[in-house]
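J.: quick one: sequence plus predicted model below, questions after.
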Amino acid sequence: MTNSFILLTGCSCGGKSTLLEALRKRGFETVQEPGRRIVSEETAGNGHALPWVNLRSFALRAVEMAKSDLTSVLNAEGLVFFDRGLIDAAVALEHSGGQTVKETLDGSRPYAKKVFVVPPWKELFAKDAERRHDFSTAVQEYDRINRTLDDLGYTIRELPQAPVSERTNTILHECGVL
């Protein structure tokens, strides 16, 4: 869609949401992870579209939410940072036995060519009420996302396991802001 849409993805509990918050505090528009929003809504409601109950339903909702997120910021000025997004949702949908990532994207490239990826970071990983999978499952998801990004022709920039300020500065420097 636009080169100003910057995707942050990677391993669960690798610091993406913390990075997004740091970018928001610096004045950038941000879009929170669809999955966390869905889990919050579903646990408050009927709880059907949860990844540990029905991964395909969850992934379909995540795809629709991510598409809606992209549409909602089409007129934004400057960079917009996404915590996960359509590619992550499409990977989950394909993994659940649904349509392929390429079918979901339908030839579109929703984010800037360079994607920032947080690596597995075991010391940060923690289960909670909304994150019930274990570290090895998170690493498998990370591997699927990286393979997909590579297959789609994105440039993967893996962020270092470093303090939030250093990671944030790396992102902004590589986006030409610093």
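T.: Noted; the coordinates are in hand. In this text the structure is predicted, and so the values were computed from the model without any measurement. Numbering: from 1, shown residues only.
J.: worst-scoring helix or strand of the protein, pLDDT-wise?
T.: Lowest mean confidence among the helices and strands of the chain (mean pLDDT, DSSP states H and E): helix 34-44, at a mean of 81.
J.: tell me which residues of stretch 33-50 come out buried.
T.: Within stretch 33-50, the residues that qualify as buried are E33, P34, G35, I38, V39, E42, A49, L50, counting by 16 or more other CB atoms under 10 Å. To be clear about C-beta, it is placed using only N, CA and C from the backbone, and glycine gets the same treatment.
J.: again, but for stretch 162-178
T.: Buried residues in stretch 162-178, counted by 16+ other CB under 10 Å: R167, T168, N169, T170, I171, L172, C175.
J.: check stretch 81-100 too.
T.: Neighbour-count burial for stretch 81-100, with 16+ other CB under 10 Å as criterion, is recorded at 81-96, 98-99.
J.: could you look up the SS state of the residue lying farthest from the centre of the chain?
T.: Distance from the C-alpha centroid of the chain, by CA atoms, centre = their mean, peaks at N46 (24.5 Å). Three-state call for N46 (DSSP: H, G, I helix; E, B strand; the rest coil): coil.
J.: from Q32, how far off is it?
T.: Distance from N46 to Q32, counting by CB to CB, to the nearest Å: 22 Å.
J.: try G14
T.: G14 is 16 Å from Q32, by CB to CB.
J.: these two: who's more crowded?
T.: More crowded of G14 and Q32, by other CB atoms under 10 Å: G14, with 23 against 16.
J.: for the closest residue to the more buried one other than its chain neighbours, name its beta-bridge partners.
T.: Distances taken as CB to CB, 6 or more residues apart in numbering put V118 closest to G14, at 3.3 Å, once the chain neighbours are dropped. For V118, the beta-bridge partners under DSSP bridges are G10.
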